[in-house]
Structure formats: C-alpha cells, structure tokens
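K.L.:
pasting the sequence and the predicted model now:
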Amino acid sequence: MVIVTGKSVRHMLGMAEFVRRVYKYKMKPGEIPPMIEGKKSRDWIALDLGNIALHIFSRETRELYDLESLWALGRDCDVITNAPENPLIAMIKQNVISPTQKT
C-alpha cells in the first residue's frame, strides 16, 4: 500500500495520471491498465496496481482517515471499532427476529 498527499486536486489527478501512464508503458500484453477511482473527488483518488494499492489523499482527508495508523496498529487500536456498544442498538439486536427464526 502506498499513501501520498496531493497539494491540490490538480496535483492529485496529475499524480494518478502519471502513475497510470507509467503502468501502461511497463505492462505486459493482455494486462488491463488500472482505473483511476475517484477522478471527480476532491479528497481521495485510488488506483489498484495489482500488488500495490495507491491512495492519493488531500491533506485533510489523509489526516481524517489516518490509514497508516489503522494498518500499522490494526483493529485493536481503532477507536470506532472498539467503542462500547450503544445500549439502544444492543436492545434492538436482542429483540429482532431474524428471517431464519420461526415465530
């Protein structure tokens, strides 16, 4: 995984286009060039390069998602994943009949 920060939307798109062109130049016959996901986004552009996932963020969005910490530390350190369950959600889960249960 490669994570980079763009200085502007134009810079982010320029980096994505450059990486795609280099990939197309180096790819083997029969390979499909990567799609640029989020071309119209002002915050996050991604390319799947096979064994490399490229994430191009705006500065603010990179700080918000903080993928480096999430991938380095894992789910044990993710505040949202490990937050105590809302009592209302717990009550709903206990009282909902799943489609596989008979009433």
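P.N.:
Perfect, I can see it now. Keep in mind that what you see is a predicted model, and the values were worked out from it rather than measured. Residues are numbered from 1 along each chain as shown.
K.L.:
give me the neighbour count for the closest residue to V2 other than its chain neighbours.
P.N.:
Once flanking residues are discounted, V2 sits nearest to L54: 4.9 Å by Cβ to Cβ, 6 or more residues apart in numbering. C-beta coordinates here come from the backbone N, C-alpha and C atoms, glycine included. Residues lying near L54 (other Cβ atoms under 10 Å) number 21.
K.L.:
A strand includes A46, no?
P.N.:
Yes: judged by DSSP: H, G, I helix; E, B strand; the rest coil, A46 forms part of a strand.
K.L.:
the residue nearest to V2 - that's part of a helix, no?
P.N.:
No: counting by three-state DSSP, L54 is not part of a helix but strand.
K.L.:
what residues are up against it?
P.N.:
Counting by Cβ atoms under 8 Å, 6 or more residues apart in numbering, L54 touches V2, V4, A16, V19, A46, L47, D48.
K.L.:
okay, it and I92: tell me how far apart.
P.N.:
From L54 over to I92 the distance is 40 Å, taken as Cβ to Cβ, to the nearest Å.
K.L.:
same question, E85
P.N.:
On the measure of Cβ to Cβ, E85 and I92 end up 11 Å apart.
K.L.:
which stretches in the chain count as helices?
P.N.:
9-26, 59-65, 67-73, 87-95 (DSSP state H).
K.L.:
how far does the longest one sit from its chain's centre?
P.N.:
Computed by Cα atoms, centre = their mean, to the nearest Å, the separation of helix 9-26 from the middle of its chain amounts to 18 Å.
K.L.:
cool, the second one as well?
P.N.:
On the basis of Cα atoms, centre = their mean, helix 59-65 sits 12 Å off its chain's mean C-alpha point.
K.L.:
on contacts alone, who are the packing partners of that helix?
P.N.:
Other elements packing on helix 59-65 under the criterion 3 or more Cβ pairs under 8 Å, 6 or more residues apart in numbering; DSSP states H and E are strand 2-6.
K.L.:
avg pLDDT for the strand it packs on?
P.N.:
For strand 2-6, mean pLDDT is 95.
K.L.:
going forward, count from 127.
P.N.:
New numbering, starting at 127: the last item is strand 128-132.
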